[in-house]
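Q: Generate a structure from the sequence data that follows.
(one chain, ligands or ions: 2)
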Amino acid sequence: MGKLKVLVVDDEPGIRSGISRILRNFTVGYPFMEDDFSFEIIEAETGEQALEIINSNKPDIVLLDNKLPGIHGIEVLQHINKNHIDVEVMMITSYASLELAVKATGNGAFNFVPKPFTPQELKSSMESITKHLFLKRMTSKMKEESKQLKFQFLSVLSHELKSPINAIEGYLKIMSDRQVGENIKDYQTMIDRSMTRINGMRNLIMDMLDLTKIESGKKKRELKNTDLNEIAKLAISSIEPLAIQRNISIHLHSDENTFYQSDCDEMEIIFNNLLSNAVKYNLENGEVNISIMKQKKEIKIKVEDTGIGMTEEDVSKLFHDFVRIKNSKTKNITGSGLGLSITKDIVELYGGKIDVNSIPDKGTTFTIMLPSEHSEKPSDD
Ligand SMILES: Nc1ncnc2c1ncn2[C@@H]1O[C@H](COP(=O)(O)OP(=O)(O)OP(=O)(O)O)[C@@H](O)[C@H]1O
Ligand SMILES: [Mg+2]
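A: Numbers count the residues shown, from 1 in each chain. Ligands and ions are numbered 1, 2, ... in the order given. From the prediction side, this is the model:
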């Protein structure tokens with residue numbers, strides 16, 4: 001059961017204890033609320049005392065008399081309004097003049113209860129103020145959650161723009177240094193690959209501009225029979241420019257049939273991230289081995305490198321947003337620390353698992369298991 005703190009501000013002790021008595025065993029519940037609410041009463045005799053309690057004790061509801069010995073109720077209300085304090089105020093007063101009512105409403109008072117009131121009148125006012133408070137808090141929570149979803153969606157997409165940009169940059173660098181000679185024809189494959197990458201980027205940007213997807217915080221998933229071997233080759237071609245510059249060789253070993261019911265963009269993100277790490281955290285002249293194995297009930301993807309490796313403690317920190325291992329070996333390598341967390345999220349969408357084995361200065365192996373039979377979670381839109 002939820003508990004709401006109610007501050008009763010009145011200089012008459014009889015009114016305060018009367019309200020306490022009426023609300024002591026009273027609860028409010030609606031079918032759409034998970035919990036019933038009960039009330040915890042806090043009392044204040046003056047407006048000054050009320051302000052102190054509002055600041056220190058954060059009540060949810062204030063029942064406020066206007067005519068008080070020091071500052072008046074309406075001034076307490078003005079203070080609440082001016083400082084945007086998250087509390088609902090109900091005025092209770094025997095001098096319910098029109099002028100006061102207008103002023104109170106203008107300052108955000110929720111309601112007005114004239115004194116004297118019956119227990120039933122107080123209870124029904126408490127019911128409506130509780131419902132109002134609940135709905136208001138629910139709405140702001142939902143707004144917050146949807147903001148977070150949008151942020152997540154945009155950060156994943158913009159993260160994935162990095163691999164095509166790096167690939168194109170690498171090819172341009174090779175061309176600019178004339179690494180394969182002066183003949184433009186010898187660069188044709190690199191030009192074609194750059195064009196393909198640019199196309200991929202255009203699609204990603206279109207996704208980012210598609211407001212309906214941003215609103216829902218989701219990209220539409222398209223599950224198709226996808227050849228993981230082809231996806232791996234695509235990812236290799238993205239990272240190749242960087243690999244060439246560091247003289248790292250990449251080998252792909254795969255079974256004959258590597259078709260998997262999946263969204264090809266999601267599979268590409270997995271390969272891009274694991275390969276980008278295997279090259280980035282490798283040593284000059286190192287090696288990367290990728291294997292794709294079809295097993296009875298699952299597909300196993302392994303990405304092995306001969307790089308800097310990680311300690312057990314480092315490994316235990318992986319797969320969370322913005323985690324980067326900081327040491328002398330990684331200090332000149334850039335990244336945002338999102339790749340592995342995005343990869344893990346995708347693997348889990350398929351009911352799969354990701355494991356890592358690493359030995360410092362020897363290398364790292366990431367292994368992904370994807371169950372052949374996965375419950376296809378269609379996109380909700
Ligand atoms: N193959 C690897 N070998 C050694 N360390 C690795 C390897 N893969 C990941 N790491 C470590 O794990 C950290 C997190 O990796 P992750 O891919 O999530 O982020 P990142 O590579 O730093 O940035 P990005 O978001 O650009 O991928 C890296 O910063 C690195 O320290
Ligand atoms: Mg990475």
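
Q: Check what contacts the helix or strand in which residue 8 is found and list those residues.
A: Take DSSP states H and E as the rule and residue 8 turns out to sit in strand 2-9. Strand 2-9 is contacted from outside by 15-16, 19-20, 23, 35-47, 49-50, 53-54, 57-65, 68, 73, 76, 130, 133, using CB atoms under 8 Å, 6 or more residues apart in numbering. Quick note: C-beta positions are derived from backbone N, CA and C, even for glycine.

Q: So which bits of stretch 357-376 are buried?
A: Buried residues in stretch 357-376, counted by 16 or more other CB atoms under 10 Å: 358, 363, 364, 365, 366, 367, 368, 369, 370, 374.

Q: between those residues, which is closest to ligand 1?
A: Of all the buried residues of stretch 357-376, the one with the least separation from ligand 1 (CB to the nearest ligand atom) is residue 364, at 3.9 Å.

Q: Pull the contacting residues for that closest one.
A: When the contact criterion is CB under 8 Å, 6+ apart, the partners of residue 364 are 277, 278, 281, 304, 305, 307, 309, 310, 356, 357, 358.

Q: Only whichever of these are buried, select them in ChimeraX.
A: Paste this into ChimeraX to select the buried members of those, with burial taken from 16+ other CB under 10 Å:
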select :277,278,281,304,305,307,309,310,356,358
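
Q: Identify those among the contacts of residue 364 that sit within helices.
A: Among the contacts of residue 364, the members falling in helices (DSSP state H) are 277, 278.

Q: Can you sort out which of the contacts of residue 364 also neighbour ligand 1?
A: When CB under 6 Å from any ligand atom is applied, the members of the contacts of residue 364 adjacent to ligand 1 are 277, 278, 281, 305, 307, 309, 310.

Q: farthest-separated two in the residues you listed?
A: Of all pairs drawn from the ones next to ligand 1 among the contacts of residue 364, the widest gap by CB to CB lies between 278 and 310 and measures 12.7 Å.

Q: From the chain's centroid, how far away is the strand holding residue 8?
A: For strand 2-9, the separation from the chain centroid amounts to 32 Å (computed by CA atoms, centre = their mean, to the nearest Å).

Q: now it: mean pLDDT?
A: Average pLDDT, strand 2-9: 94.

Q: Pairing partners for that strand, with directions?
A: Looking at strand 2-9 with DSSP bridges, its partner strands are strand 37-44 (parallel), strand 61-64 (parallel).

Q: After that strand, heading C-terminal, what element do we hit next?
A: Heading C-terminal from strand 2-9, the first helix or strand you meet, by DSSP H and E, is helix 13-24.

Q: got the contact list for the following helix or strand past that next one?
A: With elements assigned by DSSP H and E, the helix or strand that comes after helix 13-24 is strand 27-28. By CB under 8 Å, 6+ apart, the list of residues contacting strand 27-28 from outside reads 1, 36, 37, 38, 126, 127, 130, 131.

Q: Next, the buried residues of the strand holding residue 8.
A: 4, 5, 6, 7, 8, 9.

Q: Pairing partners for the fifth one in the sheet, please.
A: Here residue 8 sits in beta bridges with residue 43, residue 63, going by DSSP bridges.

Q: Grab the CA positions of stretch 327-347 and hand them over as PDB.
A: Taking C-alpha atoms only, stretch 327-347 is exported to PDB below (Å, rounded to 0.1, in the frame of the first residue of the first chain):
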ATOM      1  CA  ASN A 327      45.200   1.400 -18.500                       C
ATOM      2  CA  SER A 328      48.500   2.300 -20.200                       C
ATOM      3  CA  LYS A 329      47.700  -0.100 -23.100                       C
ATOM      4  CA  THR A 330      44.300   1.400 -23.900                       C
ATOM      5  CA  LYS A 331      45.000   5.100 -23.200                       C
ATOM      6  CA  ASN A 332      45.500   6.000 -26.800                       C
ATOM      7  CA  ILE A 333      42.600   4.000 -28.200                       C
ATOM      8  CA  THR A 334      39.300   5.900 -28.600                       C
ATOM      9  CA  GLY A 335      35.800   4.600 -28.100                       C
ATOM     10  CA  SER A 336      32.600   5.400 -26.300                       C
ATOM     11  CA  GLY A 337      32.200   2.100 -24.300                       C
ATOM     12  CA  LEU A 338      28.800   1.300 -25.800                       C
ATOM     13  CA  GLY A 339      29.700  -1.400 -28.400                       C
ATOM     14  CA  LEU A 340      29.600  -4.400 -26.100                       C
ATOM     15  CA  SER A 341      26.500  -3.300 -24.200                       C
ATOM     16  CA  ILE A 342      24.600  -2.800 -27.500                       C
ATOM     17  CA  THR A 343      25.900  -6.200 -28.700                       C
ATOM     18  CA  LYS A 344      24.700  -8.000 -25.600                       C
ATOM     19  CA  ASP A 345      21.300  -6.400 -25.800                       C
ATOM     20  CA  ILE A 346      20.900  -7.700 -29.400                       C
ATOM     21  CA  VAL A 347      22.100 -11.200 -28.500                       C
END
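
Q: Please see if it touches ligand 1.
A: Yes - Stretch 327-347 is in contact with ligand 1 by CB under 6 Å from any ligand atom, via 330, 335, 336, 337, 338, 339, 340, 341.

Q: count of residues packed around residue 350?
A: The burial count assigned to residue 350 is 26, neighbours taken as other CB atoms under 10 Å.

Q: List the residues that contact it.
A: Listed by CB under 8 Å, 6+ apart, the contact partners of residue 350 are 262, 370, 371, 374.

Q: Considering only the residues you listed, which also neighbour ligand 1?
A: With respect to ligand 1, and counting by CB under 6 Å from any ligand atom, no part of those is in contact.
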